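J.: sharing a model that was predicted from the sequence below.
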Amino acid sequence: MREDKPGHIPENTSPPLQRLAIPTDAWLRATHAIETRFPTAIGPRIALRYFAGI
């Protein structure tokens, strides 16, 4: 992104998980197979169609 645009993240910004103090292994455990843990459709269109059974 260009520096003069909204949403620009400076290069010296630390990684999101580090800024949020979330250990990488905890994040991976929490998000691994999230589609099967919660009854919510997540993903690309083909995955949503599979979820919907069409």
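T.: Received it, and whenever you're ready, just let me know what you need. Owing to the predicted nature of the structure, the values given are computational and were not obtained by experimental measurement.
J.: residues in contact with T40?
T.: Applying CB atoms under 8 Å, 6 or more residues apart in numbering to T40 gives no contacts. (C-beta placed from N, C-alpha, C; glycine too.)
J.: secondary structure element for it?
T.: If you go by DSSP states H and E, T40 is not part of any helix or strand.
J.: and E3, what does it touch?
T.: Contacts for E3 (CB under 8 Å, 6+ apart) come out as none.
J.: hmm, try it at 10 Å
T.: Contacts for E3 (CB atoms under 10 Å, 6 or more residues apart in numbering) come out as I9, P10, E11.
J.: wait, isn't the first one in contact with R2?
T.: No: under the contact definition of CB atoms under 10 Å, I9 does not touch R2, with a separation of 11.6 Å.
J.: in the contacts of E3, which residue is surrounded by the most others?
T.: The most crowded member of these, judged by other CB atoms under 10 Å, is I9 (9 neighbours).
J.: that older thread, so which of the contacts of E3 belong to helices?
T.: Residues of the contacts of E3 located in helices (DSSP state H): none.
J.: out of those residues, who's nearest Q18?
T.: I9 (13.3 Å; CB to CB).
J.: backbone dihedrals for the closest one, please?
T.: phi -110, psi 120 (degrees, to the nearest 10).
J.: distance of it from L28?
T.: Counting by CB to CB, to the nearest Å, the gap between I9 and L28 amounts to 22 Å.
J.: sec struct for A30, please.
T.: The three-state label given to A30 by DSSP: H, G, I helix; E, B strand; the rest coil is helix.
J.: for it, give me its contacts.
T.: Going by CB under 10 Å, 6+ apart, A30 touches I22, R37.
J.: flag the helix or strand of this protein with the lowest per-element mean pLDDT.
T.: helix 34-37 (a mean of 72; mean pLDDT, DSSP states H and E).
J.: show me what counts as buried in that one.
T.: Within helix 34-37, no residue counts as buried by 16 or more other CB atoms under 10 Å.
J.: let's test this: mean pLDDT of whichever helix or strand comes after it, rounded?
T.: Later in the chain than helix 34-37, the nearest helix or strand by DSSP H and E is helix 45-52. Across helix 45-52, pLDDT averages out at 83.
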